[in-house]
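>>> quick one, fold the following:
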Amino acid sequence: MSEEEQVTIVPLAPVKRKLTEDEDRRPNTRKRTRSLFISIPADNAVQKVLINPSPTPSIFADLPPLDIEQDSDTDSLFDSPDSEATTAFSNSTSNSSTVTAGVVTQTEPASLKAPPIPGLTFDPTLLLPQPLIDYVFAQCISTYFTKPLTNQVMLFCRPDSSTLPLFLADLLSAVSDLLQPKLSRETHDLLFASRGRARQAIVNLYEPGDGISPHVDLLDRFGDGIVGVSMGSGCVMEFKKGEKRHGMYLPPRSTIIICGEARYEWTHGIEKKVEDAVARDDGRTEVVKRGTRMSITFRWLLPGADVVGGRTGDKEE
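As a prediction, the model looks like this:
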């Protein structure tokens, strides 16, 4: 996206836009164009049952990928999945590194528990109800991902508005209830009390081998307090700060909270892989294959951040 291009978010008017970076037009490039859908819902009326969802797997079970083609590219503003061809992986459970699409993968297995990063909240035992996850997953697939080139949707609310689709509002409410006993009142209010702020939701669809480059969410566009929900398949998320590096496995139905130091001083990303090495509580290393994964992220927009693209901050992530 050039510095001159902008997308102005207009209330109650969905906008479809295909983003193509200069690099996409170069010959022999492995990057591809992504189709992005930006929308502000007009109301909360959403049909309850559209498709029959398949069960979400347990933490160490495989999920066959959905029959949806993937054609995407990375844009730092939108946290889009990187989808490039990947190389074959070893089935070894030893601590070894492999290379895929020019990226060196983790050199030691990821943890099932949260690393000691201030502002990072994660508990693998706190899982959202399976029926709710099945319902939200099905609604997102049938509502947003009916076209093969689409792997991301962004939804914006206005201040003092609750125009998220009903199924996303239900999900956010369930996350609030689930985490309230674990979070301090201050942190819970930071994440869930609107106080006139505008909410943004982004839904990403990942196929095995997809990832996202390490990044910090845009500093001049999004406020503190990020809520992320994983469904479908699990994956390892990498956190980095200087020479410090931690890998944490996000199982399906889990929720991650990123605030404070974790939000502003650590990058987070997902390597392009088809399987992850995960350290179990009994000391063994488990190789977990990735399936189709959906992530839903809720963030607060800063004042005036309803214009997307160009100018400052677009290289922050």
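>>> can I get the CA coordinates of stretch 185-194 in CSV?
Below are the C-alpha coordinates for stretch 185-194, written out as CSV (Å, rounded to 0.1, in the frame of the first residue of the first chain):
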residue,chain,number,x,y,z
ARG,A,185,-10.2,-5.5,38.1
GLU,A,186,-8.0,-2.9,36.5
THR,A,187,-6.9,-5.3,33.7
HIS,A,188,-10.5,-6.5,33.1
ASP,A,189,-11.8,-3.0,32.8
LEU,A,190,-8.9,-2.2,30.4
LEU,A,191,-10.0,-5.1,28.1
PHE,A,192,-13.8,-5.0,28.4
ALA,A,193,-15.1,-1.6,29.6
SER,A,194,-15.8,0.5,26.6
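>>> list the buried residues in that stretch.
187, 188, 190, 191, 192 (16 or more other Cβ atoms under 10 Å). C-beta here means a position set from N, CA and C on the backbone, and glycine is covered the same way.
>>> now do the phi/psi pair for the first one.
Dihedral angles of residue 187 (phi, psi; degrees, to the nearest 10) stand at phi -70, psi -40.
>>> now the third one
Its backbone dihedrals place residue 190 at phi -60, psi -40, with angles given as degrees, to the nearest 10.
>>> going forward, begin numbering at 36 instead of 1
OK, 36 is where the count begins now, so the last one is residue 225.
>>> please tell me I have it right and it contacts residue 260.
Yes - counting by Cβ atoms under 8 Å, residue 260 is a contact partner of residue 225 at 4.4 Å.
>>> what residues are shared contacts of those two?
By Cβ atoms under 8 Å, 6 or more residues apart in numbering, residue 225 and residue 260 have these common neighbours: residue 294.
>>> related to what we said a few turns ago, now the two most distant members of the buried residues of stretch 220-229.
Within those, 222 and 227 form the most distant pair, 9.5 Å apart (Cβ to Cβ).
>>> quick one: common contacting residues for those two?
Contact criterion Cβ under 8 Å, 6+ apart; residues shared by residue 222 and residue 227: none found.
>>> so, low pLDDT: which residues of the protein?
Residue ranges of the chain with pLDDT under 70: 36-142, 195-197, 341-352.
>>> can you map out the helices along it?
Secondary structure of the chain by DSSP state H: the helices cover 165-179, 201-214, 220-227, 295-299.
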